[in-house]
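Asks: could you look at this predicted model? Sequence included:
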Amino acid sequence: MRASTTRRPPGHFARYRARLTKAGYEIHGKTYKLPPRGFNGNVAAQVLVLHSSLSAGVERKSPPELASPKFVAYCVKEWKKLLSLHRWLIDKAR
């Protein structure tokens with residue numbers, strides 16, 4: 001188990017969210033309007049605790065690469081945009 005000092009703080013979530021939003025992705029899972037009673041975390045953590053789940057997605061037209069050998073490279077390129085959020089979630093789950 002890694003020491004808690006190596007974990008990425010909740011503020012990283014805001015950066016990942018901004019980066020993904022700029023790339024056209026939407027962050028889903030925000031279901032609460034207020035943080036839990038007695039919650040005294042920082043602003044970045046308050047944004048995070050409003051989510052009951054966390055996912056990112058985008059809806060767009062099918063890319064031209066869909067019917068070509070370039071589709072795998074297209075998927076990898078899109079997946080890399082989500083990789084930092086994925087790593088952050090894995091780090092938080094440990």
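Replies: Here it is on my side, so go on.
Asks: which intervals of the protein have sub-threshold pLDDT?
Replies: Applying pLDDT under 70 to the chain flags residues 1-11.
Asks: tell me the helix or strand right after the longest strand along it.
Replies: For the chain, the strand with the greatest residue count under DSSP state E is strand 51-57. Downstream of strand 51-57, the next assigned helix or strand under DSSP states H and E is helix 71-93.
Asks: now the angle from that following helix to strand 51-57?
Replies: Comparing the axes of helix 71-93 and strand 51-57 via axes from the mean of the first three to the mean of the last three CA atoms, to 10 degrees yields an angle of 160 degrees.
Asks: name the helices or strands packed onto helix 71-93?
Replies: Counting contacts by 3 or more CB pairs under 8 Å, 6 or more residues apart in numbering; DSSP states H and E, helix 71-93 is packed against helix 11-22, strand 51-57. Heads up, the C-betas are built off the backbone N, CA and C, glycines and all.
Asks: got the angle between the longest strand of the chain and helix 11-22?
Replies: 40 degrees.
Asks: parallel or antiparallel, list what pairs with strand 51-57.
Replies: strand 26-30 (antiparallel) (DSSP bridges).
Asks: state the distance from the residue nearest in space to the middle of the chain to V58.
Replies: Closest residue to the average C-alpha location of the chain: L85 at 4.0 Å, with CA atoms, centre = their mean. The spacing between L85 and V58, counted by CB to CB, to the nearest Å, is 13 Å.
Asks: swap in N42?
Replies: Counting by CB to CB - N42 and V58 are separated by 29 Å.
Asks: what does E65 give?
Replies: 15 Å.
Asks: next: P36.
Replies: Distance from P36 to V58, by CB to CB: 30 Å.
Asks: phi, psi of F39?
Replies: phi -70, psi 130 (degrees, to the nearest 10).
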